[in-house]
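Student: Sequence unavailable; structure follows:
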């Protein structure tokens, strides 16, 4: 998040992104103690799934392209939606692996739970032509751009 001081451990940026709807999360890098994580694994695991969904957004001359790393998810577990006010929403849920009573876990690092990312699209986005594809755990959402019409310049003859 831009213009937020970095004293909570987040990276600092002096660039303000008017299209971003990302909200500053004060608990993003909060160090849960191992006793809390082991007592409530679903709390720390769900939080990390929400926080760790990273999305790249690039703009090409033809489109805005979003890429999200969603390893282990099927396309049926992911939703891509566009709201009326030009907001792109990517959401889904990563299921918790079933536990067997005989299993002894040594480490749990893969996250599970719900995630959601939202981005405000610029005025030149063609909302009705958005496409999404999932390949090798990477979701790619392509939002075509409208051509910017150059104003017609007409020379006026000056009399006199």
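Tutor: Right, received. Where do you want to start? Keep in mind the model is a prediction, meaning the values are calculated, not measured.

Student: What residue, apart from its backbone neighbours, is nearest residue 126 spatially?
Tutor: Nearest residue to residue 126 in three dimensions, chain neighbours excluded: residue 144, at 4.4 Å (CB to CB, 6 or more residues apart in numbering). From N, CA and C alone the C-beta is placed, and that goes for glycine too.

Student: And for residue 92?
Tutor: Residue 92 sits nearest to residue 78 (CB to CB, 6+ apart), 4.0 Å away.

Student: And residue 66, by the same measure?
Tutor: residue 141 (4.2 Å).

Student: in the helix or strand where the one you found lies, what's buried?
Tutor: In the assignment (DSSP states H and E), residue 141 maps to strand 138-144. Neighbour counts over strand 138-144 (16 or more other CB atoms under 10 Å) mark 139, 141, 142, 143, 144 as buried.

Student: mind listing what the second one touches?
Tutor: With contacts defined as CB atoms under 8 Å, 6 or more residues apart in numbering, residue 141 is in contact with 65, 66, 67, 68, 80, 88, 90, 130, 131, 132.

Student: Okay, buried residues for the helix or strand containing the last one please.
Tutor: To tie it back to what came earlier, the one meant is residue 132. Assigned by DSSP H and E, residue 132 belongs to strand 131-135. By neighbour count on 16+ other CB under 10 Å, the buried set for strand 131-135 is 132, 134.
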